[in-house]
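J.: with the sequence up front, the predicted model follows.
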Amino acid sequence: MIRSALLRGVSACALTLAVVPFAALAQEALPTIDIGAPRAHKPAKPQKPQSANRAPAIGAPTSAAPVEDKATYHPEAATTALKMSTPIMETPVSVQVVPQQVLQDQQAITMARAVDNVSGVRSYAGTENYQVRGFFTYNTYTDGLLLNAGVGQNTSMVNVDRVEVLKGPASILYGRADPGGIVNIITKQPQATPHTAVSQLFGSWNTYRTTFDTTGPLTKDDTLLYRVTAEIDHARSFREFDFTRNYFVSPVIKWNIDAATQVTLNLRYTHQVTPIDNGTIAYTKYDPMSADSD
């Protein structure tokens, strides 16, 4: 009786939705959804002409450099393809970017979760071994440098600004690379505007993750900038004696010598404890094919 009543209720609900006049639905306009379309920028104010012997102010935007919008799903520039900030539409190779806004909205705390957003790329069993266009690669680049060469270390995402994937044989630009492409991590850089953020994440199996990120100037003229990111990550598992521990800290100091010359000192300290747990083979003395088991 209860099942019949439920079935009749579902049928009635479906019928009610079906008899709604189409004209009534057409009168209500759908809200506009912004999926990363170029935003309308206000015209820039005319600036005073600078003298020939005076260098532009540090951090002043140039006409050639594209304006980077952190709160977007559609980044316009990438640095991996040509090792310089270049508009993606003007890059003659295939490069795809996972921006900071996507990492924040998805709460991506592993590189495997980040590269899931890239077409033609997948991680192997949730590790940092990737398959790009059918070719396996065990190398992960950081700011264009090969720092993780398949050593089994998990990258901390607290200092990751975005992830850029260069597809195809253009990866030869980085030396001995796989023909499928490379995965390049762009780290967070010091900013002149002071900013501090602390976050706390809780999860199942006694999982918690604490992150810290602070940046700002060290001098009044913004010549020296700093940034410090840190993370503490502990997690257990449904299996006994299985756990992970991760301690990470990365101080960065940037020296703006002039408008075209900067020197960046980036240090990283990582301490990870992850026991190898490949499971346990079930063992029993019972053998159904043995005559003694009858």
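T.: Here it is on my side, so go on.
J.: where does the stretch 51-200 of the chain dip in pLDDT?
T.: Scanning the stretch 51-200 of the chain for pLDDT under 70 picks out 51-68, 148-153.
J.: where do the strands sit along it?
T.: When secondary structure is read from DSSP state E, counting those that start in this stretch, the stretch 51-200 of the chain shows strands at 77-78, 86-87, 94-98, 121-123, 130-132, 135-137, 139-142, 145-149, 160-167, 181-187, 195-203.
J.: and the fifth one, which strands flank it?
T.: Put plainly, it is strand 130-132. Listed by DSSP bridges, the sheet partners of strand 130-132 and their directions read strand 121-123 (antiparallel), strand 135-137 (antiparallel).
J.: nearest to Lys167, out of these?
T.: Of all these, it is strand 121-123 that lies closest to Lys167, at 7.9 Å by C-beta to C-beta. The C-beta positions use only the backbone N, C-alpha and C, and glycine is treated the same way.
J.: in the closest one, what's buried?
T.: Under the neighbour-count criterion of 16 or more other C-beta atoms under 10 Å, strand 121-123 has 121, 123 buried.
J.: what does that strand contact?
T.: Strand 121-123 is contacted by residues 111-112, 115-116, 129-133, 165, 167, 181, 183 when judged by C-beta atoms under 8 Å, 6 or more residues apart in numbering.
J.: quick check on these: which are buried?
T.: Using 16+ other C-beta under 10 Å as the burial test, those include 111-112, 115, 129-133, 165, 167, 181, 183 as buried.
J.: which parts of the longest strand seen in the chain are buried?
T.: Scanning the chain for the longest strand, with DSSP state E as the assignment, gives strand 243-258. Buried residues in strand 243-258, counting neighbours by 16+ other C-beta under 10 Å, are found at 243, 246, 248-250, 252-254, 256.
J.: coming back round to it: closest one of the contacts of strand 121-123 to Asn278?
T.: Minimum distance to Asn278 across the contacts of strand 121-123 is 16.1 Å, recorded for Asn129 (C-beta to C-beta).
J.: for the closest one, what are its contacts?
T.: If you count contacts by C-beta under 8 Å, 6+ apart, Asn129 has them with 123, 136-138, 150.
J.: circling back to that earlier point, want to try JSON lines for the contacts of strand 121-123, with distance to Asn206 as columns?
T.: Supplementary listing: the contacts of strand 121-123 in JSON lines, determined by distance: C-beta to C-beta, whole Å:
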{"residue": "Met111", "distance to Asn206": "23"}
{"residue": "Ala112", "distance to Asn206": "22"}
{"residue": "Val115", "distance to Asn206": "27"}
{"residue": "Asp116", "distance to Asn206": "26"}
{"residue": "Asn129", "distance to Asn206": "27"}
{"residue": "Tyr130", "distance to Asn206": "30"}
{"residue": "Gln131", "distance to Asn206": "32"}
{"residue": "Val132", "distance to Asn206": "35"}
{"residue": "Arg133", "distance to Asn206": "39"}
{"residue": "Val165", "distance to Asn206": "34"}
{"residue": "Lys167", "distance to Asn206": "39"}
{"residue": "Gly181", "distance to Asn206": "37"}
{"residue": "Val183", "distance to Asn206": "31"}
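J.: return the member of the residues you listed nearest to Val158.
T.: For those, the closest approach to Val158 (C-beta to C-beta) belongs to Met111, at 12.4 Å.
J.: that closest one and Thr215, how far apart?
T.: Using C-beta to C-beta, to the nearest Å, Met111 is found at 23 Å from Thr215.
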